[in-house]
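> sequence and predicted model, in that order:
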Amino acid sequence: MLLNITGSNKKNRKLVERAAWWYAEKLMGKRLMNSLEININLRRNLITKEGCEGTANIENTTNTRPKEFIIELDVTFSIRDILITLAHEMVHVKQWAKGEMYDYMKPGFVRFEKTKFNTNEIDYWDFPWEIDAFGRQLGLFVRFIEYADMADDDEMQIGVK
């Protein structure tokens, strides 16, 4: 996997890099993850500017199984929240890379697990790809901090900024 991380500070970039590698291996396996290129931008005030803590997008939209992605994460949140959001966005990368999700050229239409959805007719919280990502994010985070021997670190606890 080609991974490029920009923004924030060296400590956060290193931790995000370590987590991204771990999440990718758990979600996709080494063979698929080694074919991917992911650019991660650590930005301030993404929540204010775009109304979300993180985003994942395809860089090259011409492929039904894309290999190039860009993830943006809001660094005004705690490192704990950043790593949880990264886990969420990595689930979306997995969904696209494995062909589980496909964004049609026509705005508002998405195929997820062989079913076509019109996102204008469904509430965000009912999107099956979001249910999948929200359902996996905390478990991935917890397993990563256990793996990284950081589970007892104060900054990984709820409510610590």
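The structure has been received and is ready for your questions.
> need the residues that contact stretch 8-21.
Residues outside stretch 8-21 that contact it (Cβ atoms under 8 Å, 6 or more residues apart in numbering): 1, 3, 5-7, 38, 40, 42, 73, 75, 79, 82-83, 86-87, 90, 144, 148. Heads up, the C-betas are built off the backbone N, CA and C, glycines and all.
> start and end of stretch 47-59, how far apart?
With Cα to Cα, to the nearest Å as the measure, stretch 47-59 spans 21 Å from end to end.
> buried sites along the longest helix along the chain?
In the chain, with assignment by DSSP state H, the single longest helix is helix 10-33. Neighbour counts over helix 10-33 (16 or more other Cβ atoms under 10 Å) mark 12-13, 15-16, 19-20, 22-24, 26-28, 32-33 as buried.
> what comes up buried for stretch 96-107?
For stretch 96-107, a neighbour-count test (16+ other Cβ under 10 Å) marks 96-97, 100-103 as buried.
> ditto for stretch 35-55
Quick answer for stretch 35-55 (16+ other Cβ under 10 Å): 36, 38-43, 46, 53-55.
> follow-up on the earlier one: which two of the buried residues of helix 10-33 have the greatest separation?
Asn12 and Leu32 (26.2 Å; Cβ to Cβ).
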